[in-house]
Structure formats: C-alpha cells, structure tokens
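**Q** quick one: sequence plus predicted model below, questions after.
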Amino acid sequence: MSDEALALLIGEVENGNQNCIDLLCNLALRNDDLGHKVEKLLFDLFSGKRSGSPDIDKKSIRLALYYIKSPITI
C-alpha cells in the first residue's frame, strides 16, 4: 500500500468513517511492517495521542486491538 493511499485512509478514519476503521483493523492483523504501522495508528487514535472525530466508535477499535494482541485459543 502506498503512503498516499494510507494517508487518505487515515484521513477517512479520523473523520469517523466506520468502513475505513474496519479496513484498518483488518490491515492491523498483518504480521509485517504495514500491519505494525496500522496497529500503532489505531492505538494512537484510541488512546487520544491522535485526534479524530468524536463519532469514531472507539469500542470497536478497542475490541479489534484486543483481538490483535490476544492469543487465539480453541
């Protein structure tokens, strides 16, 4: 993914676009540089280090970050 495309996606997330938030949550699952970068971005957005729309569903971001960091047990 190009830096320009990621920047556009981040802008949409900061405006509260739930579809883009879902897409970033899926990208954060990747075990590569892009996944780690997106995971950090979501954490910064949730923790308040990065500003965003008050309409952002922080509960869904928090749940996604939990699943990313939690081991899968069956």
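**A** Looks like it came in fine. Residues are numbered from 1 along each chain as shown.
**Q** so where do the helices sit in the chain?
**A** For the chain, the helices defined by DSSP state H occupy 3-14, 18-28, 33-47, 58-69.
**Q** make TSV out of those and add mean neighbour count and mean pLDDT.
**A** Every C-beta, even on glycine, is put in place using the N, C-alpha and C of the backbone. Shown next, in TSV, are the helices of the chain (neighbours: other Cβ atoms under 10 Å; pLDDT from 0 to 100):
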stretch	mean neighbour count	mean pLDDT
helix 3-14	14	89
helix 18-28	17	87
helix 33-47	16	86
helix 58-69	14	64
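**Q** and residue 41, how far is that from residue 30?
**A** Per Cβ to Cβ, to the nearest Å, residue 41 is found 13 Å from residue 30.
**Q** typed the wrong thing, it's residue 23
**A** 12 Å.
**Q** distance-wise, check residue 25 relative to residue 5.
**A** On the measure of Cβ to Cβ, residue 25 and residue 5 end up 17 Å apart.
**Q** same check on residue 29?
**A** Applying Cβ to Cβ to residue 29 and residue 5 gives a distance of 18 Å.
**Q** could you do residue 36 as well?
**A** Remark: distance between residue 36 and residue 5 (Cβ to Cβ) = 17 Å.
**Q** also residue 28?
**A** As for residue 28, its distance to residue 5 is 16 Å (criterion: Cβ to Cβ).
**Q** equivalent analysis for residue 30, please.
**A** 15 Å.
**Q** can you check residue 15 too?
**A** Taken as Cβ to Cβ, the span from residue 15 to residue 5 is 16 Å.
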